[in-house]
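Chemist: When you get a sec, could you give me coordinates for this:
(6 chains)
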4 protein chains.
Amino acid sequence: MSTPPNPLRRNESSRRAILEAALQLCAEDGYGRLTIEAIAAHAGVSKKTIYRWWPSKGAVILEAIDDMANLLADHVDTGNLAADLHTQLSAVIELLTPPNNSAITGLIAEALHDKDLANDLRERLIRPRITAFKERMRIAQASGQLAPDADLDVALDLIYGPIYHRLVFHLGMPDAEQLRTLIAHALRGIQPA
Amino acid sequence: MSTPPNPLRRNESSRRAILEAALQLCAEDGYGRLTIEAIAAHAGVSKKTIYRWWPSKGAVILEAIDDMANLLADHVDTGNLAADLHTQLSAVIELLTPPNNSAITGLIAEALHDKDLANDLRERLIRPRITAFKERMRIAQASGQLAPDADLDVALDLIYGPIYHRLVFHLGMPDAEQLRTLIAHALRGIQPA
Amino acid sequence: MSTPPNPLRRNESSRRAILEAALQLCAEDGYGRLTIEAIAAHAGVSKKTIYRWWPSKGAVILEAIDDMANLLADHVDTGNLAADLHTQLSAVIELLTPPNNSAITGLIAEALHDKDLANDLRERLIRPRITAFKERMRIAQASGQLAPDADLDVALDLIYGPIYHRLVFHLGMPDAEQLRTLIAHALRGIQPA
Amino acid sequence: MSTPPNPLRRNESSRRAILEAALQLCAEDGYGRLTIEAIAAHAGVSKKTIYRWWPSKGAVILEAIDDMANLLADHVDTGNLAADLHTQLSAVIELLTPPNNSAITGLIAEALHDKDLANDLRERLIRPRITAFKERMRIAQASGQLAPDADLDVALDLIYGPIYHRLVFHLGMPDAEQLRTLIAHALRGIQPA
DNA sequence: TCTTAAACGAGACGGTACGTCCGGTCTTATT
DNA sequence: AATAAGACCGGACGTACCGTCTCGTTTAAGA
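Modeler: Numbers count the residues shown, from 1 in each chain, chains lettered A, B, ... in the order given. As a prediction, the model looks like this:
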């Protein structure tokens, strides 16, 4: 009968050492070469301690990324929708471009064949950003920059889709000018018939 | 001084046994559990023979997939652009949906941290389909269903992007009706200003 | 920076299983066909555990042989030197004659091109027997059966030498009668000028 | 039905290249690291050619050693038996001492668990030397330096035995003075009762 | 002199074992 | 009770050689 570990007893400094070691090693050697063994050694922690609190190295990285506050300046509102989307998407692209991308693309890769990790990734990292995106879009609707009956799910697809399409096939990220064009076309597409 | 193996001496029946074993094992146990060891055993082949001709298990799967002709009914032309895109995207979605997706999503995942594999994947599998897509779009331009000066790169982004965005974050693939809506909006977005 | 494993943590039952498996497999298939892989499998132990504690299969066999107590009834003293030597040498010949000889001759063979193993073999197995031999000879000197100033190193050479000469060139071991003759001549040779 | 290779067709220059490569590689890396693969590559010869003419790497080395004429100045006769034995044994010791010993001790080691090789080694290399030794001893008997009824098999044992005893247990070879002493004692032992 | 069958170099092949790495579990001693 | 340390079993890694097996290409015999 295995009892789940008691969170009250958890050693916070170990936790932080683990997350920092994970991110650092990931940046140094890439996600593919990252091992629980190395994280433990580098954090001065026993492997058991990692396995007690996380089910996989993906989960460690996920929590490490989640822990870094303000990864994205989330959907600021300067009043200009296209400009704000440009700001936001530039930040996302930055995160997905070498040499900053190892942890995140590694996580995405792992999630592609780990259903549990995929759920965690979506619910903890992505869902809140989708919500923030939609809120920004609703403000745009309120201010008349976007049709009041525009489909925000379609908006999400058209605006973020291109980036991930390019990511998975290494098609190259858009530069600032291309991004502007892309956003303009996407916004046009969103308008209802 | 390592010379590359001589392709003339290659044993075609071994090659085929390897590719078939790889696909079968991938379908059975998933890409993550696929090992060179198992492929070799299942194909009745020595590991050395696999390592002689492929640099990684990803490369094996890539060639296996590439070998299957007519994976996609590539961009048929019935005269109706939206309908043809719907047909084509449905086929792509089918390939990316369980239980058929293990090999392909596994390959995509691996390519996310293997630059060489990523290049091979793009050039051998993706690039030809992009070309086919653009040809179909040019026909649509010629027939007046699409503006003659529509940006086909943007088209690619807006039409295929949503699928891969949903794939990487497990957001659920669109059903037939949602797909229709998506295509309609994307096509509207493509039209130049 | 590799630290040697901590002997306090060693699993004694694994150690014994390994040594027993090694001896058994050696007896079954011969030293030449003995593999670390098979020892591990047969002992229900991971290869890593073997490599952690022994540098080579020779070292495993050496420890296994060393572990068997009373391999030789070491130089009994019945008061009759020639008879006692005959007893002792017969036992040695027995060990070096099929089907009992696989482990020991295998070890000797390996030691011929592994200096470290050779040192271990000499110091752990052979040196104590040389000491015991010399002690028996000193008793013989005390009792007047051997000249008090006989050179015991020469004695060792003349008495044990023939056996190993015959071993390495497969010249056939002496039978009881030949052995008696050999000992008689060797003892005569030992007497100082 | 495999026919044995036709010796008339044999390529002598390949044969020599193989034997030379074998000896050279053996001297460089030691018998243990010697491989058929490396011999073939180094001799510019296909592996098949080696396997066609020799059953094992031991057999190659044996032939290579056998090919070197005058390995030993075989039992010269200066009229002084002890001195001649000293000359002869010194030459043997030289062959068994680093850095010249790799091929020969390797061969001895291999013969310890390869019965066929052991027979070849004995009959091709050792037996002729034993014969030569006995002839020299018979001359000594004729000249009165040795008892006419001395047992020459015992002589062989007492004179050569010590060297191989020391070899197999790495007990150190005798220096010139020790060797003189050893021969003196052995000769004394040989005299019949 | 011209076959023609062998020996040959090259090296791919199915295997077996190597020695290493890491995953995930478990034990021991410490805090 | 959670931890650091680290031994343990398992299993896959990628490599090295084994001995066998085609492939063409010499090459030397005997017709």
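Chemist: Can you tell me the element residue A:139 falls in?
Modeler: Counting by DSSP states H and E, the element that carries residue A:139 is helix A:127-142.
Chemist: so who does residue A:169 touch?
Modeler: B:111, B:118, B:121-122, B:126, B:164 (C-beta atoms under 8 Å, 6 or more residues apart in numbering or on different chains). For the C-beta atoms, the positions are set from N, CA and C on the backbone; glycine is no exception.
Chemist: so which of these is the most crowded?
Modeler: Counting neighbours by other C-beta atoms under 10 Å in any protein chain shown, residue B:121 comes out on top of the contacts of residue A:169 with 26 neighbours.
Chemist: wouldn't that one be in contact with residue B:61 here?
Modeler: No. Taking C-beta atoms under 8 Å as the contact criterion, residue B:121 and residue B:61 are not neighbours in contact, 9.7 Å apart.
Chemist: which residues are in contact with both of the two?
Modeler: Counting by C-beta under 8 Å, 6+ apart, the common neighbours of residue B:121 and residue B:61 are residue B:107.
Chemist: Find the nearest non-adjacent residue to the most centrally placed residue in chain A, please.
Modeler: For chain A, the residue lying nearest the average C-alpha position, counting by C-alpha atoms, centre = their mean, turns out to be residue A:125 (5.4 Å). If the residues on either side of it in the chain are set aside, residue A:125 comes closest to residue A:66, at 6.1 Å by C-beta to C-beta, 6 or more residues apart in numbering or on different chains.
Chemist: how about that neighbour, secondary structure?
Modeler: Reducing the assignment to helix, strand or coil with DSSP: H, G, I helix; E, B strand; the rest coil, the entry for residue A:66 is helix.
Chemist: hang on, the earlier thing: tell me what the following helix or strand past the helix holding residue A:139 is packed against?
Modeler: Once helix A:127-142 ends, the next helix or strand along the chain (criterion: DSSP H and E) is helix A:152-168. Other helices and strands packing on helix A:152-168, by 3 or more C-beta pairs under 8 Å, 6 or more residues apart in numbering or on different chains; DSSP states H and E, are helix A:81-95, helix A:127-142, helix A:176-190, helix B:102-112, helix B:152-168, helix B:176-190.
Chemist: Go again with 7 Å.
Modeler: The elements that helix A:152-168 packs onto, with contact taken as 3 or more C-beta pairs under 7 Å, 6 or more residues apart in numbering or on different chains; DSSP states H and E, are helix A:81-95, helix A:127-142, helix A:176-190, helix B:152-168, helix B:176-190.
Chemist: ok, now which ones touch the residue lying closest to residue A:174 once chain neighbours are set aside?
Modeler: Here the nearest residue to residue A:174 in space, its sequence neighbours aside, is residue A:182; by C-beta to C-beta, 6+ apart that works out to 5.8 Å. Contacts here follow C-beta atoms under 7 Å, 6 or more residues apart in numbering or on different chains; on that basis residue A:182 touches A:162, A:174, B:154, B:157.
Chemist: And for the helix or strand containing residue A:48, what's in contact with it?
Modeler: If you go by DSSP H and E, residue A:48 is part of helix A:47-53. Taking C-beta under 7 Å, 6+ apart as the criterion, the residues outside helix A:47-53 that touch it are A:5, A:14, A:18, A:36-37, A:39-40, A:60.
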